[in-house]
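> Need a 3D model of the sequence below.
(one chain, ligands or ions: 2)
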Amino acid sequence: NKENEYIEELNKRTQEYDPKLQRATFFKDLPLCRNVLKGLSASAFVKLTAIQRESIPVSLQGHDVLAAAKTGSGKTLAFLVPVLEKLYRERWTEFDGLGALIISPTRELAMQIYEVLVKVGSQCSFSAGLVIGGKDVKYESERISKINILIGTPGRILQHLDQAVGLNASNLQMLVLDEADRCLDMGFKKTLDAIVGNLPPMRQTLLFSATQSASLADLARLSLTDYKNIGTLETG
Ligand code: ADP
Ligand code: MG
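Ligands and ions are numbered 1, 2, ... in the order given. Predicted structure coming up:
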């Protein structure tokens, strides 16, 4: 069928993409599906930022990634684009349940990610949800089973994973830890370890941070497998 051929073609272009030879300037230079490209241009995202250019091809190729780039450098799209592409290429539907989990240290940041996802994913058919506390767990649990892309704070996500019903992560394709350095600063190390321990090992993990540190490297060793280190931070 036509769509399978299209996805095969995208995957082929992705595997053949050589970041050293093909230094993409625009999103449209990357092997991205029509719906994601439409969502990006409808949101006026045209040109890649440095971290997007460096990390998106590697993430699309299926590697685990530890990406460090300063605040304001465009890390949100650097992980949302691969999340949308992954689920599209897996032909994810509402019946497949949770496909991607995005963890953010604060409610405000989680809400910002959600807003960008709704815009950029407007042409995709996935459901997205936020779990950030405030609402009661039972109310959230009833809706959570139909969500494909879930964004939440560490404590709340662990709370849902610990519930007998509701959040089923057994199909999870992708885990994103945003602001990982800040999660550690805020004392979420144990919570993150517990979340990671609850997830299937055959997943891709993307870890984003505004700084590099020894504790970040520890977290990376625990949650990532054979990861690529990508950074646009200046080193002295
Ligand atoms: P970070 O997470 O690295 O702090 P954000 O993802 O929040 O950065 O992006 C910072 C700002 O840059 C946001 O206002 C966002 O809309 C904008 N932005 C991100 N990527 C692009 C892009 N490719 N083109 C134009 N603006 C962008
Ligand atoms: Mg950010």
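> So which bits of the protein are right by ligand 1?
45, 47-49, 52, 69, 71-77 (CB under 6 Å from any ligand atom). Just so you know, the C-beta spots here come from the backbone N, C-alpha and C atoms, and that holds for glycine as well.
> List the buried residues of the helix or strand of the chain with the lowest mean pLDDT.
In the chain, no helix or strand scores lower on mean pLDDT, DSSP states H and E than helix 137-144, which sits at a mean of 80. In terms of neighbour count (16 or more other CB atoms under 10 Å), helix 137-144 has its buried residues at 137, 140-141, 144.
> residue ranges for the strands of this protein, please.
Along the chain, counting by DSSP state E, strands occupy 65-68, 100-103, 128-131, 149-152, 174-177, 204-209, 228-231.
> And the contacts of the longest one?
For strand 204-209, the surrounding residues in contact (CB atoms under 8 Å, 6 or more residues apart in numbering) are 55, 59, 62-69, 75, 78-79, 82, 86, 173-181, 216, 219-220, 223-225, 227.
> Narrow those residues to those in helices?
Secondary structure from DSSP state H places 55, 59, 75, 78-79, 82, 86, 180-181, 216, 219-220, 223 of the contacts of strand 204-209 in helices.
> What subset of these is buried?
Buried, going by 16+ other CB under 10 Å: 55, 59, 75, 78-79, 82, 86, 180-181, 216, 219-220, 223, out of the ones in helices among the contacts of strand 204-209.
> Closest one of those to ligand 1?
residue 75 (3.4 Å; CB to the nearest ligand atom).
> residue contacts, that closest one?
Residue 75 touches 51, 67, 69, 178, 208, 210, counting by CB under 8 Å, 6+ apart.
> Great, nothing more from me.
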